[in-house]
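[1] When you get a sec, could you give me coordinates for this:
(chains A and B)
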Amino acid sequence: MRSVAETCDDRHVPENPAEAADVPPRLERRADGRVAAGVCRGLADHLGIDLVIVRVAFAVIVGAGVGVIAYVALWLLVPQRADVRPRRDWTQLFAYGVVVGVLEAFTLASVTERGALWPLVAGGVGVGIIWQQADPEHRRRWVRNTRSLWIRSVVGAALVIAGLAAFLLQNIQHVGQVLLGSAIVLAGVAVIVAPWLLRMWHDLDDERRERIRSQERAEVAAHVHDSVLHTLTLIQRNAHDPKEVQRLARAQERDLRAWLYQPKADAEQALAPAVRKISAEVEDHHGVPIEVVCVGDCPLDERLGAMLQAAREAMVNAAKYAGGANGETPSVSVYAEVDGDEVMIFVRDRGRGFDLDAVPADRMGVRESIIGRMERNGGRAEIRTAPGEGTEVRLELKRS
Amino acid sequence: MTRVVLVDDHQMFRSGVKAELGDAVEIVGEAGDVDEAVEVIAATRPDVVLLDVHLPGGGGVEVLRRVLGGARTGPAEAAAAERAAPTRFLALSVSDAAEDVIGVIRGGARGYVTKTISGPELTSAIGRVAEGDAVFSPRLAGFVLDAFAATDAPSIDPELDQLTQREREVLRLIARGYAYKEIAKELFISVKTVETHVSSVLRKLQLSNRHELSRWAAARRLV
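    Predicted coordinates for the structure are as follows:
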């Protein structure tokens, strides 16, 4: 049985039925879980009567004709409660619609043969009961209330079958109506199983969601196992070599960060992930932390690929010569920005720096791999350095 | 000496930071979750709170909300309350997620540094925050540049919703790994002017009503 207290999802309806009897709530239409206009729901709350009783009573008098006036009058005169979210319950509407429809047919047919309608009445009430069971609130309590649910559903099904059988028996003499009878039986079966199918579909949906969740968990566990646990083992084994430990920890940190925070991106396709990938390789190889900041992004092409090669050369140089000037930890900063069609990459270290003019002209690293490469591709490279001040390589390229 | 409260749920990390800071600042309190943090901050009234972004009980943002009172109102009032109260917040986190970074800044923190920061750098960052200046890490500067550039939509309040050319230049240099002193030298301005620019960016970041900022930060996670 549904009582008023079970619908108390807000402060207006008291927690327990005894209190509800003391102070009846105001007569208001309730739009949450309404069938037509929420009149019955409001009335049930106000009078403290079970909602199903009120609804069936209204279905009967509406079906008989006079109830329509009463219902419309209440619809117009009773204000709607403002603090609830309107939600129409279509299964309930269907259930009561069947009851009203059958009664309507019964009233209209009173002039013709009355007996022929009784099977329809029985069947209609059965359908009503079954669909009533499909009410979402009922469904939530199915687990607790399986017994009475079964009884009600069986009663409903029995009524439907009895109604159909009686209908067929009465009309069996009419030749050619057997086909129609079969169709009606099939329709009846469909009506009976529909709520169950609906529920099964919901359950499947829940199960699927749960499965996705557990798959995600498994993926996380696998990742932690493959990378983090592995690295921790390696660190323990290399505990005597601080440089190697630092390299391992740094590589693992970068890997985990990328997995947690960075959008999945393809280093073959776009500039920012490519810059991150290159700096990671240099960092791994030379054991110097490289801090990468990227602003904006753009797709890669051949010229940008050359620019990345130049940037890589600059990073390698920086990592080699970054060794902290005043005993501080060496570090390299990489900054890549895409601003409209202009692409800039800066590579900076705080190492000892060097005198650019003193570098022999034949040294490939700076002149050829960085400056020459950028110029060949229509870009520009600028190197700023002075002994003791670190080095900054600035690469610029206009996108075609 | 600057009075500091340390908020982090990892005891090991707190002792590590304490050891690194040494005698440079005075640690007047510690907390391991949101409730504790709010209590300790109210009791000790420190100059600076070193605030972890991820905390049990709602995270650093919740601490900011409860201490600065930003819950009732918006970021504008939070900033006003923060000006009145002498306690300033420096966020300290391992997280790189734009959502977290932009989140605590808009919540009222005066700066954001990652936990890999060295002891001397952290000390100077605390000093700067204590004086009311802002502290931007290269990564935060990158996020801000990205966030303000992310949209072409016309802004409601151009004064708040856009960065000036100079502010962009300063942020770019921070992102490139320059210290304030080096930025000042590069742009031929004083360190004080650099600080003014950074504070002004911080103010825009906190006060701009542009939904794009938060949405941009949230969207970065989802891609």
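[2] The residue in chain A that chain B sits nearest to: which element?
    Per C-beta to the nearest C-beta, residue A:333 is where chain A lies closest to chain B, at 2.9 Å. C-beta coordinates here come from the backbone N, C-alpha and C atoms, glycine included. Residue A:333 belongs to strand A:332-339 when elements are defined using DSSP states H and E.
[3] That strand - contacts with which helices or strands?
    Here strand A:332-339 touches helix A:271-286, strand A:290-295, helix A:302-321, strand A:342-349, helix B:138-149, helix B:165-175, going by 3 or more C-beta pairs under 8 Å, 6 or more residues apart in numbering or on different chains; DSSP states H and E.
[4] Run the chain-centre distance for it.
    Averaging C-alpha positions (C-alpha atoms, centre = their mean, to the nearest Å) puts strand A:332-339 35 Å from its chain's average.
[5] what comes up buried for that strand?
    A:332, A:333, A:334, A:335, A:336, A:337, A:338 (16 or more other C-beta atoms under 10 Å in any protein chain shown).
[6] Tell me the strands beside it, with direction?
    Strand pairing for strand A:332-339, using DSSP bridges, gives strand A:290-295 (parallel), strand A:342-349 (antiparallel).
[7] Throw the ones you listed into TSV and include mean pLDDT and mean neighbour count, thanks.
    Formatted as TSV, the strands paired with strand A:332-339 follow (pLDDT from 0 to 100; neighbours: other C-beta atoms under 10 Å in any protein chain shown):
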stretch	mean pLDDT	mean neighbour count
strand A:290-295	88	23
strand A:342-349	91	24
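[8] Indicate which one of these is closest to residue B:135.
    Residue B:135 lies closest, by C-beta to C-beta, to one member of the strands paired with strand A:332-339: strand A:290-295, at 15.7 Å.
[9] could you dump that closest one to CSV, C-alpha only?
    These are the backbone C-alpha positions of strand A:290-295, laid out as CSV (Å, rounded to 0.1, in the frame of the first residue of the first chain):
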residue,chain,number,x,y,z
ILE,A,290,62.7,19.8,-18.4
GLU,A,291,59.7,22.0,-17.5
VAL,A,292,57.4,22.3,-20.5
VAL,A,293,54.7,24.9,-20.9
CYS,A,294,52.6,25.0,-24.1
VAL,A,295,50.1,27.7,-25.0
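[10] Check what pLDDT the residue most central in space within chain A gets.
    Most central in chain A under C-alpha atoms, centre = their mean is residue A:209, positioned 9.7 Å from the mean C-alpha point. Note on residue A:209: pLDDT of 87.
[11] ok, which stretches of the stretch 151-300 of chain A are helices?
    Counting by DSSP state H, counting those that start in this stretch, one finds helices in the stretch 151-300 of chain A at the ranges A:177-223, A:230-237, A:242-261, A:271-286.
[12] what does the last one rub up against?
    Right, helix A:271-286. Identification of contacts with helix A:271-286 by C-beta atoms under 8 Å, 6 or more residues apart in numbering or on different chains yields A:247, A:250-251, A:254, A:258, A:262, A:265-268, A:288-290, A:292, A:294, A:296-300, A:304, A:308, A:311-312, A:315-316, A:319-320, A:332, A:334, A:336, A:338, A:343, A:345.
[13] Report the buried members of the residues you listed.
    Buried among those by 16+ other C-beta under 10 Å: A:247, A:250-251, A:254, A:258, A:262, A:265, A:267, A:288-290, A:292, A:294, A:296-297, A:300, A:304, A:308, A:311-312, A:315-316, A:319, A:332, A:334, A:336, A:338, A:343, A:345.
[14] In TSV: the strands paired with strand A:332-339, plus distance to residue B:204.
    As requested, these are exported to TSV (distance: least, C-beta to C-beta, whole Å):
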stretch	distance to residue B:204
strand A:290-295	17
strand A:342-349	23
